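**Student:** I need the structure of the sequence given here:
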Amino acid sequence: MKEKSFERKAELIEAALDEFTTKKYEEASLNSIIKGAGISKGTFYYHFQDKQQLYLYLLEYCVKVKWDFISSRVSQSNESFAEKDIFEQFKLQARIGAEFAAVYPKYHLLGKMFSKEKDNEIYQAAKKVLGNDSEKLLEKMIDTAISKGDFRKDFPRDFIIKTIHHMFMSFDEIFYNEEDFVLEKMIQNLDHYVDFLKHGLENKS
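**Tutor:** Got it, this is the predicted structure:
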């Protein structure tokens, strides 16, 4: 993949967001994106091989912007993120993620549209691209949490990593109805999801 810095990069990202947030991947028109960005086809194909490479780049770009936003908000928070157990860290990240969606609504919409691609090849291709970085970040959090004693000691590290990773990667397969994408409902679902990870369904009263 060639270097992505070029004169109308911002316009291309904006045009791609407009197209991919209003149409499913297969229906999105590369010609419309190029026209909306105000660039020539030659310029586009110098930097990207095809529509798929642009789409994957856009997803990666949005994830990076989101993680930068979350990291910045965590560092600005009056609460000490490091002192929280991993489950409260997950909840805080979810709330900041909701704030991110309010500040960057098109990125939120892109994630919503992406979740509808579950039955298409592009979804699996994107998960391969996005999964590695998110898994490394999650592993780092889990290793820190294990050292702090946040998990039961009888659970092996690999079991914890695989279980939590699967749970979070499967979130959009469980909560995919229209009402689940309302921000307040999304936060509630994420809170319940994290509480389920921490406590399960057992009534301990």
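**Student:** what about the helices in the chain?
**Tutor:** 9-20, 30-37, 41-47, 51-76, 86-103, 105-115, 121-148, 157-169, 171-174, 183-199 (DSSP state H).
**Student:** could those helices be laid out in JSON lines, adding mean pLDDT and mean neighbour count?
**Tutor:** Heads up, the C-betas are built off the backbone N, CA and C, glycines and all. Putting those into JSON lines (pLDDT from 0 to 100; neighbours: other CB atoms under 10 Å) gives the following:
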{"stretch": "helix 9-20", "mean pLDDT": "95", "mean neighbour count": "19"}
{"stretch": "helix 30-37", "mean pLDDT": "96", "mean neighbour count": "17"}
{"stretch": "helix 41-47", "mean pLDDT": "92", "mean neighbour count": "14"}
{"stretch": "helix 51-76", "mean pLDDT": "90", "mean neighbour count": "16"}
{"stretch": "helix 86-103", "mean pLDDT": "88", "mean neighbour count": "17"}
{"stretch": "helix 105-115", "mean pLDDT": "89", "mean neighbour count": "18"}
{"stretch": "helix 121-148", "mean pLDDT": "87", "mean neighbour count": "14"}
{"stretch": "helix 157-169", "mean pLDDT": "90", "mean neighbour count": "14"}
{"stretch": "helix 171-174", "mean pLDDT": "80", "mean neighbour count": "13"}
{"stretch": "helix 183-199", "mean pLDDT": "90", "mean neighbour count": "15"}
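**Student:** Does E19 touch S32 like I think?
**Tutor:** Yes - the pair E19 and S32 qualifies as a contact (CB atoms under 8 Å) at a distance of 5.6 Å.
**Student:** Any idea which residue is closest to the centre of this protein?
**Tutor:** For the chain, the residue sitting closest to the mean C-alpha position, by CA atoms, centre = their mean, is V63 at 5.5 Å.
**Student:** Thought A37 was touching E14, still the case?
**Tutor:** Yes - with contacts defined as CB under 8 Å, E14 counts as touching A37 at a distance of 7.5 Å.
**Student:** OK, contacts around A125?
**Tutor:** A125 sits next to 52, 56 when contact means CB atoms under 8 Å, 6 or more residues apart in numbering.
**Student:** and it, how far is that from L110?
**Tutor:** 16 Å (CB to CB, to the nearest Å).
**Student:** Name the residues that touch stretch 34-52?
**Tutor:** Outside of stretch 34-52, the residues within contact range by CB under 8 Å, 6+ apart are 1-4, 6, 8, 11-12, 14-16, 18-19, 28, 30, 33, 54, 57, 122, 125.
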